[in-house]
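Novice: A predicted structure for the sequence below; I have some questions about it.
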Amino acid sequence: MKIITSTDNEWIRRVSRLKEKRGRDRQARYLVEGPNLVREALDFRAGVDFVLFCGDETGLSGELRELRRAAEKSGAESVFAGPAVFRRLSDTETPQGVIAVVRKALWDEEALFRKNASRPWGNILVLDRLQDPGNAGVVVRTADAAGYGGIVAVKGTADVYSPKAVRAAAGALFRLPVMDGLEASAALSILARRNKTLVATAAGGTVCVYDADLRRDIALIVGNEGNGLGAEFRRGVHLTVSIPMQRGAESLNASVAASIFMFESLRQNRWSGRDDSGAPNGV
């Protein structure tokens with residue numbers, strides 16, 4: 001067993017580039033850090049190339065030993081690195097001793113809009129230049145929990161494969177198809193071709209979120225934190241929806257507002273009669 005102790009190691013330099021978007025785009029890979037996320041990546045067969053452990057094999061905790069066996073079983077190579085090398089690759093203040101290099105899934109339009117039994121309603125989340133990677137990760141996680149079928153991330157949106165966004169998404173990226181880097185015009189063309197109703201959050205929306213029909217085939221558009229939707233989406237949106245708030249309250253964080261909308265979609269489908277699986281009253 002060889003332990004990498006030099007930060008000048010070529011393999012380490014290549015992996016360290018995955019902390020930046022350019023490196024992720026060029027290598028079509030991203031980093032997943034921490035035992036829970038690495039375990040999910042292995043369990044979901046998310047395309048793990050390498051699992052990097054801090055220290056040598058004899059010093060691994062029981063949890064990391066288990067991950068070492070899971071990596072071997074999945075066909076992913078295990079790599080061991082000294083503490084200084086590991087800290088160079090880690091994106092957290094308190095590293096947990098394990099990082100995986102995962103291949104980015106290449107999703108096409110057909111895959112994005114393919115319905116399945118667990119996500120039968122055809123709802124899509126659209127990120128229009130959302131800037132904060134933490135917000136981006138949170139709304140991806142919420143879309144997964146609320147049964148949305150996939151993500152369209154317009155060019156200028158924070159990279160959902162950045163380390164911070166990956167942590168905030170909490171494994172949702174292993175399950176949801178993502179099309180990213182599209183121009184707004186291209187995204188609008190795809191959504192029109194798929195007969196999606198474009199719904200946007202807006203303080204002065206024409207309909208209250210609890211009165212809007214959000215059940216199926218909607219594209220929920222979440223805009224930039226400071227400026228809202230871009231001009232092309234403002235022109236193309238079919239429905240603007242507002243969230244009732246107490247007078248004088250500040251507008252909600254983008255990820256919080258999006259979460260309210262997505263779970264209202266879920267409520268309308270699962271708790272208002274029967275969903276497509278035939279389960280009554282949210283059972």
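Specialist: It's in. Numbers count the residues shown, from 1 in each chain.
Novice: show me where this protein has its helices.
Specialist: 10-16, 21-27, 35-43, 62-74, 83-89, 109-112, 133-145, 163-169, 184-193, 231-236, 254-270 (DSSP state H).
Novice: the closest residue in space to Leu182 that isn't next to it in sequence - how many residues pack around it?
Specialist: Leaving out its chain neighbours, the residue that sits closest to Leu182 by CB to CB, 6 or more residues apart in numbering is Val154, at 5.8 Å. (C-beta placed from N, C-alpha, C; glycine too.) As a burial measure, Val154 scores 25 neighbours (other CB atoms under 10 Å).
Novice: which ones are touching Val154?
Specialist: By CB atoms under 8 Å, 6 or more residues apart in numbering, the residues touching Val154 are Val126, Leu127, Asp128, Arg129, Leu182, Glu183, Ala184, Ala187, Gly230.
Novice: can you tell me what sits against stretch 202-216?
Specialist: By CB under 8 Å, 6+ apart, stretch 202-216 touches 121-123, 199, 220, 228, 239-244, 251, 260-261, 264-265, 268-269.
Novice: okay, Ser277: pLDDT?
Specialist: Predicted confidence (pLDDT) for Ser277: 49.
Novice: filter the contacts of stretch 202-216 down to just the buried residues.
Specialist: The neighbour-count test (16 or more other CB atoms under 10 Å) marks 121-123, 199, 220, 228, 239-243, 260-261, 264-265, 268-269 as buried among those.
Novice: so how far is stretch 24-35 off the chain centroid?
Specialist: In terms of CA atoms, centre = their mean, to the nearest Å, the centre of stretch 24-35 is found 13 Å from the chain centre.
Novice: before we move on, what about stretch 77-93?
Specialist: That offset, for stretch 77-93, works out to 24 Å (CA atoms, centre = their mean).
Novice: first-to-last residue distance for that stretch?
Specialist: 26 Å (CA to CA, to the nearest Å).
Novice: got it, and stretch 165-184?
Specialist: 21 Å.
Novice: and it, which residues are buried?
Specialist: 165-174, 176-180, 182, 184.
Novice: cool, stretch 34-51 as well?
Specialist: Judged by neighbour count using 16+ other CB under 10 Å, the buried positions of stretch 34-51 are Gly34, Leu37, Val38, Arg39, Glu40, Ala41, Leu42, Ala46, Gly47, Val48, Phe50, Val51.
Novice: quick one: contacts of that stretch?
Specialist: Applying CB under 8 Å, 6+ apart, the set of residues contacting stretch 34-51 is 15, 29, 32, 63-64, 67-68, 70-71, 74, 76-79, 92, 96-105, 166-167, 170-171, 173-175.
Novice: residue ranges with poor pLDDT in this protein?
Specialist: 1, 272-283 (pLDDT under 70).
Novice: got the domain ranges for it?
Specialist: 3-103, 109-270 (automatic domain parsing).
Novice: ok, for the residue sitting nearest the centre point of the chain, nearest residue in space, not its chain neighbours?
Specialist: With distances taken as CA atoms, centre = their mean, Val140 lies nearest the centre of the chain, 3.9 Å away. Nearest residue to Val140 in three dimensions, chain neighbours excluded: Ala169, at 4.4 Å (CB to CB, 6+ apart).
Novice: one step back: spit out the contact partners of the residue nearest to the centre of the chain.
Specialist: Leu125, Ile151, Val160, Ala165, Ala168, Ala169, Ala172, Leu173, Leu176, Val178.
Novice: nearest to Leu191, of those?
Specialist: Of all the contacts of Val140, Leu191 sits closest to Leu125, with 11.5 Å by CB to CB.
Novice: okay, now the closest residue to the closest one other than its chain neighbours: neighbour count?
Specialist: Nearest non-adjacent residue to Leu125, counting by CB to CB, 6+ apart: Ala143, 4.3 Å away. Here the number of neighbours of Ala143 (other CB under 10 Å) works out to 27.
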